[in-house]
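Trainee: show me how the following folds:
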Amino acid sequence: MISKDENALDKLIHSLKQLPGVGEKTATRLAYFILREAESFSTHLAQSIVEARQKLQTCSSCCNFSENSTCFICSNLERTEETICVVEQPSDISALERSRQFKGKYHVLHGVLSPLDGIHEESLKIKELLTRIERGNVREVILATNPTVEGDTTALYIARLIKYNNVRVSRIAYGIPVGSEIEYLDGATLGKALQNRVSL
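Mentor: As a prediction, the model looks like this:
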């Protein structure tokens, strides 16, 4: 909470610290960077934030951020509706799109189940996913949540909800990164690679 005694610099640093992954040192460095730049930089930055908040909404289909009621991926008729890739955050879509391997559509949960943090089913976009599946066009759901305890729990929970709909449920594989060497990998990564081995 910002104190009444804090000056403008302290308030800026405090605000920047609210960003994910930004601690005291990084927030301070960013604050001084902003102050060193021309005033037009900070004005443009502030305007960009306000504009994004005002113009962006969640896609009525996949729940990704979009300026329109339906995002450009969901509007793309060349992409199949039979396969949905479920991700935790909108930023995950950008990462998957860089692979150029997925030709279906997405669904963004906007988080993962984490009861200790007060994040339950109703906090996520799970009901919207079930509604899409119930329309009958979906043949496969790929669960692409992160390989964390919360991500795995969320994937398992969703899988149990949708299996009765005659929809194939799959989980993205985790293992050895392309171009890496086995001797330098940690045990957890190698363990996942062994679990997710495929036949040749």
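Trainee: name the SS class of the nearest residue in space to Asn137 that is not next to it in sequence, please.
Mentor: Excluding the flanking residues, the one nearest Asn137 by Cβ to Cβ, 6 or more residues apart in numbering is Glu81, at 4.7 Å. To be clear about C-beta, it is placed using only N, CA and C from the backbone, and glycine gets the same treatment. Following DSSP: H, G, I helix; E, B strand; the rest coil, we place Glu81 in the coil state.
Trainee: so who does Glu81 touch?
Mentor: Neighbouring residues of Glu81 by Cβ atoms under 8 Å, 6 or more residues apart in numbering: Gly104, Lys105, Asn137, Val138.
Trainee: one more time with 7 Å
Mentor: Lys105, Asn137, Val138 (Cβ atoms under 7 Å, 6 or more residues apart in numbering).
Trainee: just to check, the first one is in contact with Val87?
Mentor: Going back to what we said before, that points to Lys105. No: using Cβ atoms under 7 Å, Lys105 is not in contact with Val87, being 11.3 Å away.
Trainee: can you give me the strands in the protein?
Mentor: Using DSSP state E, the strands of the chain run over 57-58, 65-66, 83-87, 105-108, 140-143, 168-171.
Trainee: hmm, who's touching the second one?
Mentor: Strand 65-66 has contacts (Cβ under 7 Å, 6+ apart) with Leu56, Gln57, Thr58, Cys59, Pro90.
Trainee: Ala38: which of the strands of the chain is closest?
Mentor: Ranking those by proximity to Ala38 (Cβ to Cβ) places strand 65-66 first, at 29.1 Å.
Trainee: list the neighbouring strands of the closest one plus their orientation.
Mentor: strand 57-58 (antiparallel) (DSSP bridges).
Trainee: mind checking the pLDDT average for the lengthiest helix in the chain?
Mentor: As assigned by DSSP state H, the longest helix anywhere in the chain is helix 39-55. The average pLDDT for helix 39-55 rounds to 96.
Trainee: again, but for stretch 154-165
Mentor: 89.
Trainee: burial count for the nearest residue to Val87 once chain neighbours are set aside?
Mentor: Excluding the flanking residues, the one nearest Val87 by Cβ to Cβ, 6+ apart is Ala144, at 5.1 Å. Ala144 sits with 21 neighbouring residues when counted by other Cβ atoms under 10 Å.
Trainee: likewise the one 5 residues further on?
Mentor: The tally of other residues near Val149 (other Cβ under 10 Å) stands at 11.
Trainee: how close does it get to Val112?
Mentor: 9 Å (Cβ to Cβ, to the nearest Å).
Trainee: one more: Pro20?
Mentor: 14 Å.
Trainee: ok, the two, which is more surrounded?
Mentor: Each of Pro20 and Val112 has its neighbours counted (other Cβ under 10 Å); Val112 has more, 22 against 4.
Trainee: confirm for me that that one is in contact with Glu88.
Mentor: Yes: the pair formed by Val112 and Glu88 meets the contact definition of Cβ under 7 Å, at 5.6 Å.
Trainee: coming back round to it: in PyMOL, how would I select the buried members of the contacts of Glu81?
Mentor: Burial among the contacts of Glu81 is assessed by 16 or more other Cβ atoms under 10 Å; the matching PyMOL selection reads:
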select buried, resi 105+138
